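S.K.: Structural data only, the sequence is not supplied:
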């Protein structure tokens, strides 16, 4: 016996469960699996005619992902696959597509049939009344696609379930991984981002390793069309760790701590050093503090001299001269 989703199934029932879960869902053909699996990745395209093509791309090597859903309508096309993410069954309500990746733990929404469409419908109903009511309280991403080709996305505050988008051939793509979009469109690796990743093991937001594919900001409500981002607003920002002290007091405490650290570096390693300078807030602050009062003579190194706004050499040069 095997226990799945709170129900004890025999081996024969488990086999049927797995068979039905792997059957693609096509709303237009009216074919629905009796049971669905929860883990999934998604690829959305504003062009509804791309559904079968995307389905085929994901099914072939090197990915060979088993699609659990294939849906298309006036709002576009969606293909969802089994993956490490948990999500609720995508569904349509009032001519709109609603998709939930992860578990947003939205209050006042029934949890029965947790992996089925009823949960998604509950979230969709709240979303239609008030978008703020479905802001994720837990790692999740919510997608609402409307005709003609307008998509609203709400991402979680932690960025734990990221979404990415790209604009290709007049079509908007949204996916849980930039790799999935890259499989479906004619793109190539971004040379600058590859260099940045090899040098730092990180990528400057919102860039990815691929040209013209970007990450959607976490903790945000974003509206996209095939022309790009129409609007984006943050619904949450990290609180400052201020309890019983003013912001200037915390700033002075931080300044003293950083100055002492650079003082020890000078004592142990001498008066010269080197640091990366991306023109972002982190490296800018550290280089400024290291050189304050001629504490250290710092050689600032900026990688990637073109395009990337976080690593622009003009910004870095301006900061060094300031």
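M.R.: Done, it's in. As the structure is a prediction and not an experimental result, all values here were calculated from the model. Numbers count the residues shown, from 1 in each chain.
S.K.: What distance do you get for residue 233 to residue 196?
M.R.: Plainly put, residue 233 is 28 Å away from residue 196 if you go by Cβ to Cβ, to the nearest Å. C-beta coordinates here come from the backbone N, C-alpha and C atoms, glycine included.
S.K.: Compare neighbour counts for these two and give me the winner.
M.R.: Between residue 233 and residue 196, counting by other Cβ atoms under 10 Å, residue 196 is the more crowded of the two (22 against 10).
S.K.: correct me, but that one touches residue 208?
M.R.: No - in this structure, residue 196 is not within contact of residue 208 by Cβ atoms under 8 Å, at 11.0 Å.
S.K.: what's the burial count for residue 89?
M.R.: Using other Cβ under 10 Å, residue 89 has 26 neighbouring residues.
S.K.: Also the one 4 residues further on?
M.R.: In terms of burial, residue 93 registers 16 neighbours under the definition other Cβ under 10 Å.
S.K.: dump the residue contacts of it.
M.R.: 121, 124, 125, 128 (Cβ atoms under 8 Å, 6 or more residues apart in numbering).
S.K.: Now that we have these, which of them are buried?
M.R.: With burial judged by 16 or more other Cβ atoms under 10 Å, the buried subset of these is 121, 124.
S.K.: Closest to residue 283 out of the contacts of residue 93?
M.R.: residue 124 (43.0 Å; Cβ to Cβ).
S.K.: Let me see the ranges of the strands in the stretch 151-300 of the chain.
M.R.: 164-168, 171-175, 213-215, 220-225, 228-234, 272-276, 297-301 (DSSP state E, counting those that start in this stretch).
S.K.: Buried deepest among those, which one?
M.R.: Among the strands of the stretch 151-300 of the chain, strand 171-175 has the highest mean neighbour count (mean count of other Cβ atoms under 10 Å), at a mean of 24.
S.K.: now it and strand 164-168, what's the angle there?
M.R.: 160 degrees (axes from the mean of the first three to the mean of the last three Cα atoms, to 10 degrees).
S.K.: Run me through the strand neighbours of strand 171-175, direction for each.
M.R.: Strand pairing for strand 171-175, determined by DSSP bridges: strand 39-45 (antiparallel), strand 164-168 (antiparallel).
S.K.: could you check the angle strand 228-234 makes with the shortest one?
M.R.: Spelled out, that is strand 164-168. With the same axes, to 10 degrees applied, the angle from strand 164-168 to strand 228-234 works out at 160 degrees.
S.K.: The strands paired with strand 171-175: which one's closest to residue 148?
M.R.: For residue 148, the closest of the strands paired with strand 171-175 is strand 39-45, at 13.5 Å, according to Cβ to Cβ.
S.K.: Low-confidence ranges, the chain, go.
M.R.: Scanning the chain for pLDDT under 70 picks out 1-40, 82-87, 106-116, 240-243, 278-281, 303-322.
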